[in-house]
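1. Following is a predicted model, sequence given first.
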Amino acid sequence: MVDSTNLWDVVIRTLVTSGSATIIAGVLGIGLAILLANVNWKLKPLLRGITQALYGLPPVVVGVAVYIVLSKDGVFGSLNWLFTIQGMIVAQTLLIFPLVLGISWTALERVSSEKRDVFKVMNASRKQRVFLEMYCARRGITNAILLGFGRAIAEVGAVMMVGGNIAGKTRVLTTSVVLETSVGRLDAALQLGLVLLVISLITAFGLQFIQYIRFFEQQSFGEDEIIDQSIDDFTATWENMNVVKDSKTIIGDCSLQVSSNEIVALMGESGSGKSTLLRAMVGLEGEPSIYSRDIAYVSQNPVLVMDNVAMELELSSKLHVELPNSGTYFASILGFEERGGQRTDSLSGGEIQRLAFLRALSMNRKILVLDEVTSELDGGSIERIEEQVVLFKNRGGGVVFATHNPFQAERLADRIIYIHNGKLIDEKNEIAQQIREGKRIG
């Protein structure tokens, strides 16, 4: 029986067993989920189906299996873990592992491919990518841990079989409730049940509260001086780029070159392959780019990966310690000076585009690759971005930008190249002339 003299002993034992099982299942499950979310494996759908089927794994089945393994004649009988806390932890870990794995896996796979592209283009290390993906999926991971702990602390069948419900040794709250009920002490059983419910609620609210504590969140911009030295002369050349998807050639044998102090405009109809060509240049399509550490890239539909504006502009300095945290300077370029604490999920499409451009500038690379970077902007913002592009060129940088706007191309570019059906065409080609005249703007 459980009375006031040993209630705390039972509560502590419950927290130790369920907490330890949750920690072990969390480390193993989240680690495996990170791996599975980032590999292409033909058997992944099968493994996902098995994992989801095991969400409802019967506790008594786990109890029987662990009992056999830990029994005197079992494979691990020499450990003498049967009817011990250790054996109960093993049973609970096996029971909740599929739940933690499956939910964490789903959360991590919902980190969009566009965000993973940002991490790759910003040359985040493998370790940094893992932490960034966990950061983006933290709510789903927290829910996985919460559900795992909830199932572990409420479990009775497996721990009863493996632990034996020995007073002062393996008795926990759930087995105590069963015992009190079996002898007719329903009032004591109800009281123990309430204690169990309170522990579950405190844990749930605690984990939910952690999600909203922004103790790591930067609210103000960094004050470091920007790197303003000239960029050494260079020439970057891409030869015979090819991108094939679903047996269809999207980009075929495209070669281009960009040098320091040069702006190159890429023009073509919608669907001609502009975006895919730029993605191939930065190493997001086909072969990895040999210039990956020289390029800053802004996609046609840019995404932000951090919680607020200040954090987004300090990301480059967090990933690369040699870069200054010059958020104050970059924010002043496009009107974000007073908005460091603003949530990025509250920004408009144009604001996201402007902030993604500033993030690219903060990388201090030799080459800017910009895909329709002003497509959603007003005239004033376009003027300021174009001014920054020219300033970047005058420092010695090279720029390749895709645009549908022939006036913008004429205004900024030293050279204009044209693409049609995935192939670069000569500027004298009739289609190129029509694009240049604005007759094929899409």
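-> Thanks, I have the structure now.

2. okay, stretch 148-165 in CSV with CA atoms only?
-> Provided in CSV are the C-alpha atoms of stretch 148-165 (Å, rounded to 0.1, in the frame of the first residue of the first chain):
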residue,chain,number,x,y,z
GLY,A,148,6.4,10.1,-25.3
PHE,A,149,6.6,11.2,-21.6
GLY,A,150,2.8,11.1,-21.3
ARG,A,151,2.6,7.5,-22.6
ALA,A,152,5.5,6.4,-20.4
ILE,A,153,4.2,7.9,-17.2
ALA,A,154,0.7,6.5,-17.8
GLU,A,155,1.9,3.0,-18.7
VAL,A,156,1.1,0.1,-16.4
GLY,A,157,1.1,-3.2,-18.2
ALA,A,158,4.8,-3.5,-19.2
VAL,A,159,6.2,-2.0,-15.9
MET,A,160,4.0,-4.3,-13.9
MET,A,161,5.3,-7.4,-15.8
VAL,A,162,9.0,-6.3,-15.9
GLY,A,163,9.1,-4.5,-12.5
GLY,A,164,6.9,-6.7,-10.5
ASN,A,165,5.4,-3.8,-8.5
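
3. Counting neighbours, which bits of that stretch end up buried?
-> For stretch 148-165, the neighbour count (16 or more other CB atoms under 10 Å) marks 148-153, 155-165 as buried. (C-beta placed from N, C-alpha, C; glycine too.)

4. Same check on stretch 12-20?
-> Residues 13-15, 17-20 are the ones in stretch 12-20 that count as buried (16+ other CB under 10 Å).

5. closest to T84 among those residues?
-> Minimum distance to T84 across these is 10.3 Å, recorded for T17 (CB to CB).

6. Spell out which residues sit in contact with that closest one, please.
-> 85, 88-89, 92, 152, 159, 172 (CB atoms under 8 Å, 6 or more residues apart in numbering).

7. now swap in F149 and tell me
-> Taking CB under 8 Å, 6+ apart, one finds 18-19, 22, 96, 203 in contact with F149.

8. Out of these, name the ones that lie in helices.
-> Of the contacts of F149, the ones assigned to helices by DSSP state H are 18-19, 22, 96, 203.

9. Mind telling me the two of these farthest from one another?
-> Once CB to CB is applied, these give I96 and T203 as the farthest pair, at 13.6 Å.

10. now stretch 174-185: how far from the chain's centre is it?
-> How far stretch 174-185 lies from its chain's middle: 46 Å, per CA atoms, centre = their mean, to the nearest Å.

11. Show residues contacting that stretch.
-> Contacts for stretch 174-185 (CB under 8 Å, 6+ apart): 1-2, 10, 14, 153-156, 159-160, 163, 165, 171, 186, 188-189, 192-193, 196.

12. coming back round to it: could you dump the buried residues of stretch 12-20 to TSV with distance to C254 and pLDDT?
-> Listed next are those as TSV, based on distance: CB to CB, whole Å; pLDDT from 0 to 100:
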residue	distance to C254	pLDDT
R13	67	94
T14	64	95
L15	61	95
T17	61	96
S18	58	96
G19	57	95
S20	57	97
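
13. could you dump the residues you listed to JSON lines with distance to G380?
-> Converted to JSON lines, the buried residues of stretch 12-20 look like this (distance: CB to CB, whole Å):
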{"residue": "R13", "distance to G380": "66"}
{"residue": "T14", "distance to G380": "62"}
{"residue": "L15", "distance to G380": "59"}
{"residue": "T17", "distance to G380": "62"}
{"residue": "S18", "distance to G380": "58"}
{"residue": "G19", "distance to G380": "56"}
{"residue": "S20", "distance to G380": "59"}
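
14. now, among the residues you listed, which is nearest to Q353?
-> Nearest to Q353 among the buried residues of stretch 12-20 is G19, at 45.6 Å by CB to CB.

15. Identify the residues contacting that closest one.
-> Here G19 is in contact with F149 (CB under 8 Å, 6+ apart).

16. Show me the chain divided up by domain.
-> Domain assignment for the chain, taken from automatic domain parsing, gives 7-212, 235-436.

17. Just the strands from this protein, written as ranges.
-> Assigned strands in the chain, in chain order: 235-245, 248-259, 262-268, 295-298, 367-371, 398-402, 415-420, 423-425 (criterion: DSSP state E).

18. Format those as CSV; extra columns: distance to R139 and mean pLDDT.
-> Formatted as CSV, the strands of the chain follow (distance: least, CB to CB, whole Å; pLDDT from 0 to 100):
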stretch, distance to R139, mean pLDDT
strand 235-245, 32, 93
strand 248-259, 35, 93
strand 262-268, 39, 96
strand 295-298, 27, 97
strand 367-371, 30, 97
strand 398-402, 35, 97
strand 415-420, 41, 95
strand 423-425, 45, 94
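
19. could you dump those strands to TSV with distance to R436?
-> Output for the strands of the chain, formatted as TSV (distance: least, CB to CB, whole Å):
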stretch	distance to R436
strand 235-245	23
strand 248-259	17
strand 262-268	7
strand 295-298	24
strand 367-371	19
strand 398-402	14
strand 415-420	7
strand 423-425	11
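
20. Any chance of those in JSON lines with distance to V321 and mean neighbour count as columns?
-> Shown next, in JSON lines, are the strands of the chain (distance: least, CB to CB, whole Å; neighbours: other CB atoms under 10 Å):
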{"stretch": "strand 235-245", "distance to V321": "25", "mean neighbour count": "14"}
{"stretch": "strand 248-259", "distance to V321": "28", "mean neighbour count": "16"}
{"stretch": "strand 262-268", "distance to V321": "30", "mean neighbour count": "24"}
{"stretch": "strand 295-298", "distance to V321": "18", "mean neighbour count": "25"}
{"stretch": "strand 367-371", "distance to V321": "22", "mean neighbour count": "25"}
{"stretch": "strand 398-402", "distance to V321": "25", "mean neighbour count": "25"}
{"stretch": "strand 415-420", "distance to V321": "36", "mean neighbour count": "20"}
{"stretch": "strand 423-425", "distance to V321": "39", "mean neighbour count": "18"}
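
21. Q128 contacts L319, doesn't it?
-> Yes. Q128 lies in contact with L319 (CB atoms under 8 Å); the separation is 5.8 Å.

22. can you tell me which residues contact D224?
-> 317, 324-326.

23. What score does the residue positioned nearest the centre of the chain have for pLDDT?
-> Relative to the mean C-alpha position of the chain, the nearest C-alpha, by CA atoms, centre = their mean, is the one of E133, at 2.6 Å. pLDDT, E133: 93.

24. go on, L43?
-> If you check L43, the pLDDT there is 87.

25. The one 4 residues further on now?
-> Among the per-residue scores, L47 shows a pLDDT of 93.

26. Likewise for R436?
-> With respect to pLDDT, R436 has a value of 85.

27. what's the answer for the one 5 residues further on, then?
-> pLDDT recorded at I441 is 61.

28. One more: S220?
-> Listed pLDDT for S220 reads 87.

29. show me the contacts for the nearest residue to it once chain neighbours are set aside.
-> Among residues not flanking S220 along the chain, G340 sits closest, at 5.2 Å (CB to CB, 6 or more residues apart in numbering). Neighbouring residues of G340 by CB under 8 Å, 6+ apart: 218-221, 308-310, 327, 331.
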